[in-house]
Structures are given as C-alpha cells and as structure tokens.
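*Asks:* Predicted model and sequence follow; I will ask about them next.
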Amino acid sequence: MAKLILNRVSKAFGSGKPAVNDLSLTVREGGFLALLGPSGCGKTTVLRMIAGFEQPTDGSILLGERVLADAGEMIPPESRNMAMVFQSYALWPHMSVADNVGYPLKVRGISGERRQKKIGEALAAVRLENFADRRPADLSGGQRQRVALARCLVTEPDVVLLDEPLANLDRHLRQEMEETFREFHARSGATMIYVTHDQGEAMALATDVAVMSEGRLLQVASPEEIYARPEGRLVGALVGQGAILSLPSLAGDNRRLDWSGLQLLFDPAETNTAHADILVRPQDIAVAGGGIEARVVSVLFEGERYALRLVLPDGQMLRAFSRDPVKAGDVLPIVIRSAWRL
Amino acid sequence: MTRSGNPGNSQPRWLFPFVVTVVFFLSVLPLGRLAATGLASAFEGGAAKLLSDPALWRSVYDTLVTSFLGMIAAVILGGGFALLLTLFDIRAKALLGFLFMLPMMIPPQVTALSWIGMTGPSSALLKALGLAPPLGSPQPLYSIGGIALLFGVQHAPLVYLSLRAGLLALPRDAVEAARLSGASSRRVLIDIILPLSLPGLVAGAAIAFVSGVGNFGIPAILGIPASIYTLPVLIYSKFASFGPGTFGDVSLISALIAIISIIGLSVESRVLKGRDYRVIGLSGQVAVFRLGGWRVFAEALLWLVILLILVMPLTALVASSLAPAYGVPLSAKTVTIHAYEEILFRQSVTRTAFSNSIFLSVSTAFGLLAVTVLTGYFLVRTKSRLAGLITALAEIPYALPGIVLAVAFILLFAAPIPILRISIYGTIWIILIAYFSSFFAVSLKPVVSAFRQLDPSLEEAARLSGAGFGRRLADILVPLVAPAAGASVILVFLIACNELTISALLWSAGTQTLGVAIYNLDDSGSFNLASALSVLVVVMVVAMMIALELMAKRLPKGVVPWRS
C-alpha cells in the first residue's frame, strides 16, 4: 500500500466545460477521505478515474510510485487491486451472497477451503454469516450494502472506493452503516475514498474532507479544521450550519474575530466600503445585553432547543439557537461571540 | 498487467473490428452486390427490355393492388382487435390476443393451404359437412381478392401490435384530465385517444403493406393457378426458367421490390419518429372503458373473427391431412393417418426437410446468438457515433423482403468464392449464411434490450474484482442476459423453421427446408401430405409460442413480439 496521488487531473467529456478541472490531491496511506460536494460537482468522476472507469484527459494518477493513469495510458480497473461499493450496491442477482463476496477470489484463482475461509471472515465482519446462501434479492437494503462491503473486504484491496453508499438507505440504517464503515476502516487499514453530498456523513466518517465545486477542489483538511477554518464562501456555506454576513473589512490579517472586533463593524459610522464575508455559526450567537438588535423571523422547536432565524437591522439573515422560547416578531439583543472571516 | 489505448472503456480492442466485419459480411456485402448487378444491368440495356415488358408492369400492378387491399383488411382486423382489446373491458383478453397473433407466426404457405382446405369444391371440411360447392366451380381464393384477404389475415397482427403499443403508451392522465374536464367516454375516445393513436395505426398499416409486397408463400400458392404473378413470384418464376439475362432481370425486380419496401418503411419511421415506447413509465395502465350492454356483442364478434381466421382454416387443414386423398370426403370411415405416416416414415424428402430445417434453425439461432451477444454489448456500451449506422445496417436485411435478400446471396455466391475457390451455391451453407443475414436483427433485438436494462455497475464491480472481458462475459454478462438470449434463440428458431421465401430460391436437391417441402408437395398435387406436414409445423409453432409466453415475465419489455 502507498499513498494515492492525483496530480493536476482534468477530465472533459466532449467539448463542454470540463467535469474535473486541474485537481491535485494526495490521500495518505490508510486515510479515509471524504469527497464532498453538491451533485454535479465532479466528485463521482474523480472516483471513477481513480477506479479506472474513466481516463483523465490531463494530469496523472499515481499509487505510490506506480502510475495508474495519465492522458496517454492507463491500467485497466481489473488490474488495480481496488474495490468499490456502488450506490446501487451492484450485487450480481444470479449469484448467492457467498458467491458475490467470493467472486474476486475466484477471479484470482483462489479456491477450496482458503476461499471458503476468507468468505466466512468477510461475512462475519459485516455480521452476515447466516446469509451466505441467500440471494441478494432476498436481502434488505442495509444487508445488501453490507454484502457489497464484504466483497470489498475479501481481497485486501489497496484502495476502497465508496460512491454515495448511504444514499439509498433510510436514516436509521445510515447511522448503523456509518458505524460499520468506521469499523471496517479501523480493521482493514485500507485507504478509503468516500463520495458524498452529505456533509454530516463526511464529517462523521472521514479523517480528511475534500470539498469540490464545479470540477475544482476547494479545500482539503481534517473535519475539525474544515469546520473551524473553512476557505471561501462555498466551503463555508457547505460545511456545518451558519450564516454568511457581508460586513466592512477589518484591518489586519486576523481571521478569527470576537465581539470586541465585530462590534465595530456594526457601527453605522464605519465608512470602509470594502466588504468581507464573515461566517457566523448559530452556537456562537448569544442573547445578551449590549448587543445589536435582531428581529426573530421564524422559530423552529427542535426538542433540545429552538432554532431561530434572525434578521439584522440592515436586512442580513442570521441563524441562532435559544434555550428559551421566543416568538416570531420579538426583537432580541444579540452578541456574536466568535466569527470566521472567509 | 495489460495496457492498451483506452482500457477505461470496458470493450476489448478486437470488439469493434469484429462487429464491423460481421455487419459488413451480413449486410453491406450482399446488398452492395445486388445493387452493383442491378446498376450494371441497367447500364447494359437489359433494363430497357425488362422495363418494356408488359408482364412486369402487370406484376407491379398485381403486387400493389394485393398489398394495398391486404393492408386495408389488416387495418380493419388488426385495428379493431387492438382498439377493443386495449381500451375496453373485454374478458379473456390475453387469450384472445395470443390467438389473434398466431396467424403472424404461421408460415404463409400454410395459411394459404389451410384456407384452400376451407373453401372451394374439394374442401375436405366442407364435404364432411355436406356444404361443398359442386365440382368444377372455381376456388374463390385463386384471385386478387383471395390473396389480399390472406395478406390481411397474416399481417393483421402487425397492425394490432403497432396500434396497441401506441395505445398503451397513451398517458393515462391525459384521459383522466379530459374526464375531469367533463368529457364523456365517447368524447374522450373520439377527441383524445383516436387522434393520439393514429401514428401507431399508420405505422402498422405501412408495415402490413411492406409485408404484403414481400410475401411469397401466399401469392405463390394462390396466384400461380390464376396466373397472378406478384413481384416475388415473378422472381421465382424467372429462376425456374433460367436464362442468360436472369441475373440482371431478377436484380432489377429485387431493386423494384426494395424501393417499394423502402418507401413503405420510411413512411413508418417518419410516423414513429421521436416515439420511444420504452421510456413510457405508465404504459400498460391505459384507462379501460366500460362497454356495458355492448360487451357481450363485442366479445361475440371477436370470437367469431378468431373462429373465421384461425379455427376454421386450421380445422380444414387438419381435415385435409386426415383425408385419404385430395377431394375425397372425410368421414368416420375414410379418416386415415396415412399422410402422417407417409411424411414421417416413408418419404425421404420430408425427412430430409425436417433435418435440414432443424439443422438450419438450430445453427442460425445459436450461431447468431454468439454474434449478437458481442454486437449487442458493443452497441449498448460504445460511445461511438457509428453505433446508429451499425444498428441500421444490421436491421436492413430483415426489413427487406426475404426474396430480395435471397437474390443478393445468389448473386454473391453464384461464382466460387475468390481466393478460397469454394462454391457454396446449391449447398446448405448458402441458406445458412442468408439466414444469418436475414435473422440478425431478430436475434439482436432481445439481447440489446437486455443489455440496455443491465446496470453498468454490475459489470464495473466485476472489473474491480479483477475479471477481464472473457471472464466478465462468462460469469456476469451472459448469465444476466440469459432469459433474453433464450428468447432470441426460440424466436430465431421459430422464424427460421417456418421460412420459405429465402430457401425457395436457394434450395436444391437435398437441401430443401420444411417450407420448401410443403410448397413442393402442394405443387405436385399431394395436398393431403402438404396439409399433414403443415399441421406438424403449426403444432411446433404453437408449442414454441407457448414456451415464449411462459418465459415472458422474466424478459425485458418488447422481446416477445406479440406482447406489448
């Protein structure tokens, strides 16, 4: 195993805008990278290029020292020692669960007891030992997903690719499967790349999150880092909840702002016409005296708290939480404890 | 580790050249040869002589009139059945539909024989019932009208299918919206359903017309006794009286048939342009109208038609086969299975025909399957712009009348094959190659629709498992398209087994097919033997249709031709 390197990779289909544009990315060995972005941003194309189903039109893909693909040549998927969990699971309906899981071994010429043992281990890892003789059609969605995962486990692949594997599951099953994926990653130590448009999934599972938009890579960082210090408006809007305010820019290169700094920006006397985007997380807004006045637009009861939408005197929107009930139309004094300049 | 130009593409490198080669030999080469001979003959002045022959124009006239009248009959029969069975609450729809489809799959010469057995002074059936007209009175079917009527019966299912597909594709909400707007059932039918279903009817009519132009079995049996020669029969008779100008003449006549067919088919494709039945999600859920008190009447009418066009002719055929000789009345005393013994155990000609037809059909069905699985895979997976052209080229030989194709293969193989210096003319191999060409499209269609329905990730998962193309084909792709492949084999077998037009021109001593044997037995006056052989063929056809019907649930939509 070795690290996976995408070096200035581009992919254009036909003559239109490229689906992936000059993307460079390194996935460390044993890392769990989530490729996050809205649908149509090119993340699935990146995954398919790593798998070898698509050839980059420019740039190269390497696994350690080995060039997997560049614009001229590429190693076909069947020789890459990778595995993939497809959104549709891609289980072969004419084979039993055991045959599905054991197929990569069969192709590699592993037979007899050794194969049976490996199939048994893989099925045990996803807790499906008793389903070996079933057909995929007889399984539930979550079980099919686990069979697909077991098929990935069985050959110790260098890289495991997951293409929106939870998209077709209901919420309850998602949590259970997230747990299974984490376990799987810890156990196998394989490099995993996980494509999703759900930031919650990405944050919960991955060791690294790569955010894509319109074929470009915007930021790669750990979930904590990307939550706390997003780069640019797109990442800020995509990761976590929050509102982006447009406020007069502050002198200095300090990006983490507290109330003492922010307060000045709300001063009507402030004349700086250059504006900056400021990300404000709802948990950083407190109702307190001495703050600016915000009117409550809507209130949503979420059980443990109320989620508020607030409008500032200049018309900009904010999101906040409150432990006490408030009514739409109330005017509250608020303080922004912390904010991040994008 | 294998490296090649574009391995992201799942197709092996040799696949594209393979498909191109197949299509070249099965379609481009024979049709090109036909066109070349036709053009050469036209420039050498042979054309002038042929075109000034009044017999040719008489023949063109007869062809057009019989096909046109046949089309009208097919539209009335098939259109009526499609409307009643699809839109109204008729009982036993599935059975009625299946029975109505049968004439399409019964070989045309058998249809002709069975109708002859039903009418005329020598009908064993009418004699047994005491209804036969006096001896010496003419056989009413030996006429333009008779040929047209049988064209109508044979091709009505084509209109039925086309119109029904159109009706099933009608969006149900369009009907419901009209209902909510306050329209009565009658108004909905007249204002919404009929206008929207017109394209299906026109397309069906065009196919019925083209099928009439290319039909050989019916006019050969009904026309020749009355000196009516449609164009396919004219070609056949030109070969019977072979002369130096024959090749030039027949290629010109074939071109004429091809032109008439292409005009008809282009009407069809024009009408159907932009209509893709596959994508209609709500199909099969067409609103059903209640007939109320009229239902019994409508059902009686439908069953009466089935009785007239199917039950009675087939009963007559069985009666003829059980009569000791043509014209002898059938009664409890005279009934005999002599004819069956004769064709099954004594006549070497029919035994040879059986084994030839079965050899040809099995080889064609399985041989073509091997080719079409690869071709179908290519057509579905390729991004090449040539896919459309290749599909069209694969379909042309089947769309063209069999007689045209037979002439093309005669021209191609009349001289020994260059380089190899082998002549296959007069052997069974020329028939086999012509069958491959003609039924390529029949075999391809179910396989292509199965591949279309296949989730590409099933194959991608196998690739990531490390399986190369051959491995994926054997382990994943073939098992998954197996039901459609089975349907393709049965369909090709069914059609090839009953085929007459191609083998009528290509057979020689020892290579006759079942179709040819039936035709020859009738031609030589052994009507009861021809009938007995026909009965066996009909039994075989029905058995295979039932087999397909039973498989239908597991097959992609549109694979079984009589289900929609």
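*Replies:* Alright, I've got the coordinates. Numbering: from 1, shown residues only, chains lettered A, B, ... in the order given.
*Asks:* How much space separates B:Ala353 from B:Leu529?
*Replies:* According to Cβ to Cβ, to the nearest Å, B:Ala353 and B:Leu529 sit 11 Å apart. Glycine gets a C-beta too; all of them are placed from N, C-alpha and C.
*Asks:* in chain A, which helix has the most residues?
*Replies:* helix A:171-188 (DSSP state H).
*Asks:* And chain B, is that one touching that?
*Replies:* No: Helix A:171-188 lies apart from chain B when judged by Cβ under 8 Å from any Cβ of the partner chain; the minimum separation is 15.6 Å.
*Asks:* export that helix as CSV, just CAs?
*Replies:* Presented in CSV, the C-alpha positions along helix A:171-188 are these (Å, rounded to 0.1, in the frame of the first residue of the first chain):
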residue,chain,number,x,y,z
ARG,A,171,-31.9,7.4,8.3
HIS,A,172,-31.9,4.7,10.9
LEU,A,173,-29.9,2.4,8.7
ARG,A,174,-27.5,5.2,7.8
GLN,A,175,-26.3,5.5,11.3
GLU,A,176,-25.8,1.8,11.7
MET,A,177,-23.9,1.7,8.4
GLU,A,178,-21.7,4.7,9.3
GLU,A,179,-20.6,2.6,12.3
THR,A,180,-19.9,-0.3,10.1
PHE,A,181,-17.8,1.8,7.7
ARG,A,182,-15.8,3.2,10.6
GLU,A,183,-15.2,-0.3,12.0
PHE,A,184,-14.3,-1.5,8.5
HIS,A,185,-11.7,1.3,8.1
ALA,A,186,-10.2,0.6,11.5
ARG,A,187,-10.0,-3.1,10.9
SER,A,188,-8.7,-3.1,7.3
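*Asks:* who's in contact with A:Leu308?
*Replies:* Going by Cβ atoms under 8 Å, 6 or more residues apart in numbering or on different chains, A:Leu308 touches A:Pro282, A:Val296, A:Val297, A:Ser298, A:Val299, A:Leu300, A:Arg319, A:Ala320, A:Phe321, A:Ser322, A:Val326.
*Asks:* Of those residues, just the buried ones, PyMOL syntax please.
*Replies:* Here is the PyMOL selection string for the buried members of the contacts of A:Leu308, based on 16 or more other Cβ atoms under 10 Å in any protein chain shown:
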select buried, chain A and resi 282+296+299+319+320+321+322+326
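*Asks:* Make CSV out of the contacts of A:Leu308 and add secondary structure and pLDDT.
*Replies:* Shown next, in CSV, are the contacts of A:Leu308 (DSSP: H, G, I helix; E, B strand; the rest coil; pLDDT from 0 to 100):
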residue, secondary structure, pLDDT
A:Pro282, helix, 89
A:Val296, strand, 91
A:Val297, strand, 91
A:Ser298, strand, 90
A:Val299, strand, 91
A:Leu300, strand, 90
A:Arg319, strand, 90
A:Ala320, strand, 90
A:Phe321, strand, 90
A:Ser322, strand, 87
A:Val326, coil, 87
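*Asks:* Identify, from the contacts of A:Leu308, the entry nearest to B:Thr364.
*Replies:* A:Leu300 (69.1 Å; Cβ to Cβ).
*Asks:* neighbours around the nearest residue to the closest one once chain neighbours are set aside, how many?
*Replies:* With Cβ to Cβ, 6 or more residues apart in numbering or on different chains as the criterion, A:Leu300 has its nearest non-adjacent residue at 4.5 Å, and that residue is A:Ala307. Using other Cβ atoms under 10 Å in any protein chain shown, A:Ala307 has 15 other residues around it.
*Asks:* quick revisit: identify all contacting residues around the longest helix of chain A.
*Replies:* With Cβ under 8 Å, 6+ apart, helix A:171-188 has contacts from A:32, A:125-126, A:141-142, A:145-146, A:149, A:153, A:156, A:160, A:162, A:165-166, A:169, A:192, A:194, A:201, A:204-205.
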